[in-house]
Every structure is written in C-alpha cells, then in structure tokens.
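Undergrad: Sharing a model prediction with you, sequence too.
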Amino acid sequence: MRVVGEETPALGFARGVWMEGLVDTDVPREVADHVVAVLSEALANTTRHAQADRAQVVLTAGGHEVTLTVTDNGVGIPSGGRRSGLRNMAERAEPLGGHLDVSRPDGGGATLRWRVPLPVT
C-alpha cells in the first residue's frame with residue numbers, strides 16, 4: 001500500500017488495489033522484498049510511459065504462489081523500446097523459480113504478471 005500511495009501523485013489518479021490471500025503471513029520476507037521492488041518499477045513505468053488514466057494492482061498469495069498483476073489502459077508496451085525495467089523484473093523472478101509475463105489486453109494497455117512459487121509449509 002505504501003508503494004502505491006507514493007506513486008499516485010506522480011500519475012495523477014488513484015490506482016485500484018486488491019489483495020487476496022494471506023499475503024502478510026504466507027509470503028516470506030525475501031520474496032516480499034522482490035514483490036515491493038517489482039511493484040515500484042511497474043508503477044513507475046505506468047507513470048512514465050503508459051499515458052493511462054486507469055491502473056489496477058492485484059496481489060494474491062495462494063495456490064502455492066504469489067502473483068502480482070499490474071494492468072493499465074494506456075498505450076501498451078511498444079515493440080523495440082527499452083526493456084531494462086522489464087528485464088530487471090524478470091531477473092527478480094527467475095532465481096526464485098518464477099517468471100514475468102507481459103501482455104496487451106484486447107482493450108489496449110498492458111498487463112504485467114509476476115509469479116513466484118511459495119515454499120510449502
């Protein structure tokens with residue numbers, strides 16, 4: 001919530017935020033630190049590049065994984081553009097056994113989905 005609140009003034013509109021599952025208890029600190037960094041980068045990219053007027057953040061912990069999904073209604077991710085931020089987000093997932101998917105919804109914009117498995121307890 002802190003990261004979303006910090007980025008809201010730069011974008012000029014509030015983002016919708018949903019959390020599902022036992023995020024505070026099921027996500028280990030190491031993974032949580034990566035979630036915060038990826039969320040910060042995703043929202044910064046939305047602010048700088050998307051030209052969006054809506055964005056949604058969904059964080060779920062369940063089914064033995066944590067998933068962060070950030071969706072906006074902006075211009076999408078142009079082909080051939082810089083990818084350093086996306087590469088950094090993917091590199092945070094891979095050592096944890098996870099991955100990053102980026103897609104363009106039918107209505108335009110971009111959807112970023114960052115998934116990492118959670119330890120089985």
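TA: Ah, there it is.
Undergrad: contacts, neighbours, all on C-alpha from now
TA: Fine.
Undergrad: Going along the chain from the helix ranked longest in the chain, find the next helix or strand for me.
TA: When the chain is parsed with DSSP state H, its longest helix is helix 29-45. Using DSSP states H and E, the next helix or strand after helix 29-45 towards the C-terminus is strand 55-62.
Undergrad: Name the residues of that next one that are buried.
TA: 55-57, 59-61 (16 or more other CA atoms under 10 Å).
Undergrad: Point to the helix or strand of this structure where mean pLDDT is at its lowest.
TA: helix 2-11 (a mean of 56; mean pLDDT, DSSP states H and E).
Undergrad: Given whatever helix or strand comes next after that one, what are its sheet partners and their directions?
TA: Downstream of helix 2-11, the next assigned helix or strand under DSSP H and E is strand 16-21. Paired with strand 16-21 in the same sheet, following DSSP bridges, are strand 55-62 (parallel).
Undergrad: Just the mean pLDDT for the partner strand, thanks.
TA: Mean pLDDT, strand 55-62: 92.
Undergrad: Touching that strand from outside, list them.
TA: Contacts with strand 55-62, where a contact means CA atoms under 8 Å, 6 or more residues apart in numbering, come from 14-23, 26-27, 66-73.
Undergrad: Likewise for stretch 96-110?
TA: 31, 50, 52, 71-77, 89-90, 93, 111-117.
Undergrad: just how off-centre is that stretch within its chain?
TA: 9 Å (CA atoms, centre = their mean, to the nearest Å).
Undergrad: Ok, stretch 92-108 next?
TA: 8 Å.
Undergrad: Would you mind writing the CA trace of stretch 90-99 as CSV?
TA: In CSV, the C-alpha atoms belonging to stretch 90-99 read as follows (Å, rounded to 0.1, in the frame of the first residue of the first chain):
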residue,chain,number,x,y,z
ALA,A,90,12.1,-10.9,-14.8
GLU,A,91,15.5,-11.3,-13.3
ARG,A,92,14.0,-10.9,-9.8
ALA,A,93,11.6,-13.8,-10.5
GLU,A,94,13.9,-16.3,-12.2
PRO,A,95,16.2,-17.1,-9.2
LEU,A,96,13.1,-17.7,-7.1
GLY,A,97,11.7,-20.2,-9.7
GLY,A,98,9.2,-17.7,-11.1
HIS,A,99,8.6,-15.7,-14.2
